[in-house]
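Novice: Fold the following.
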Amino acid sequence: MPGGRLSQEERRRIALGLAEGVAYAEIARRLGRPTSTVTREVMRNGGPISYRADVAHRAAEHRARRRKGAAVRNAKSPQPVQGGRVEALREYEEVLTTVFMASGAPRMMSRVMACLTLTDSGSLTAAELARRLQVSPASVSKAVAFLEGQGLVRRERGEGRRERYVVDDDVWYQSMMASARSTARIVETARQGVDVVGPGTPAAVRLESIARFLDYVSESLARAAEQAREVLYTKPAPAPDDPAV
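Specialist: From the prediction side, this is the model:
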């Protein structure tokens, strides 16, 4: 059943494939499952190194019991029927979370980023995030602090004293620029090390090689981010005969 839940045997085969170094796409092909299903299963259960079939299966059964209990509790207040859109959106949010995790972000931070990205407004308060993700406000606060440090989320003052956390087009530009600045600091530090270890030594040659490579990368990244922002996010000037002029 490609659309059903993974069985314990399928999880055992996933673990075997990971141990053999098989790519997610190939494991998925062997199981007759979408690659996203295998990727999500592995990333939500410790990643390719820590994945254990029996542990993953018990965790899935626990989540299923929790969802069943929540469904029973919510039966007294039926929600509008929206076909499969809500379920599809939930599944996609998990996929997006998995992709953010694969890029190096911790799971809680990835969940917050995915949740913000998929809202129409692109912004939520801490209370709204905690309610949507069913986590504590402290977890949200920690995740937002991490994302803000990476330039991926910014704060806005909402109604009253409540802050809203925002993801929009510009935060990705700011994140790219923050990454370029961070890389530039590595370049500067590497070049400082040349005098410390002694010019001409193998270590100095290595440090200078690192500096040259990363210097080129950071400059290219910053330049590309500036160009993309100008081309993609700058509104065209109104035509001369435009009444608004």
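Novice: rest of the way, CA atoms for contacts and neighbours
Specialist: Will do.
Novice: Just the element for residue 9, please.
Specialist: Using DSSP states H and E, residue 9 falls within helix 8-19.
Novice: For that helix, which outside residues touch it?
Specialist: With CA atoms under 8 Å, 6 or more residues apart in numbering as the test, helix 8-19 has contacts from 23, 27, 31, 38, 48-49, 51-54, 56-57.
Novice: What is the nearest of these to residue 89?
Specialist: residue 38 (17.9 Å; CA to CA).
Novice: how far out from the middle of the chain is the helix or strand in which the closest one is found?
Specialist: Under the criterion of DSSP H and E, residue 38 resides in helix 35-43. Centroid separation between helix 35-43 and its chain, computed with CA atoms, centre = their mean, to the nearest Å, is 14 Å.
Novice: Check stretch 47-54 too.
Specialist: Per CA atoms, centre = their mean, the centroid offset for stretch 47-54 relative to its chain is 20 Å.
Novice: and that stretch, which residues are buried?
Specialist: Buried residues in stretch 47-54, counted by 16 or more other CA atoms under 10 Å: 47-48, 51-53.
Novice: tell me which residues of the lengthiest helix in the chain are tucked away?
Specialist: Longest helix in the chain, counting residues (DSSP state H): helix 202-233. Buried residues in helix 202-233, defined by neighbour count with 16+ other CA under 10 Å: 204, 207-208, 211, 214-215, 218-219, 221-222, 225.
Novice: Adding pLDDT and distance to residue 63, write these out as a markdown table.
Specialist: Below are the buried residues of helix 202-233 laid out as a markdown table (pLDDT from 0 to 100; distance: CA to CA, whole Å):
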| residue | pLDDT | distance to residue 63 |
| --- | --- | --- |
| 204 | 95 | 53 |
| 207 | 96 | 49 |
| 208 | 95 | 51 |
| 211 | 95 | 47 |
| 214 | 94 | 44 |
| 215 | 94 | 47 |
| 218 | 90 | 43 |
| 219 | 92 | 46 |
| 221 | 88 | 41 |
| 222 | 90 | 43 |
| 225 | 88 | 41 |
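Novice: could those go into CSV alongside distance to residue 65?
Specialist: Output for the buried residues of helix 202-233, formatted as CSV (distance: CA to CA, whole Å):
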residue, distance to residue 65
204, 58
207, 54
208, 56
211, 53
214, 49
215, 52
218, 48
219, 51
221, 46
222, 48
225, 46
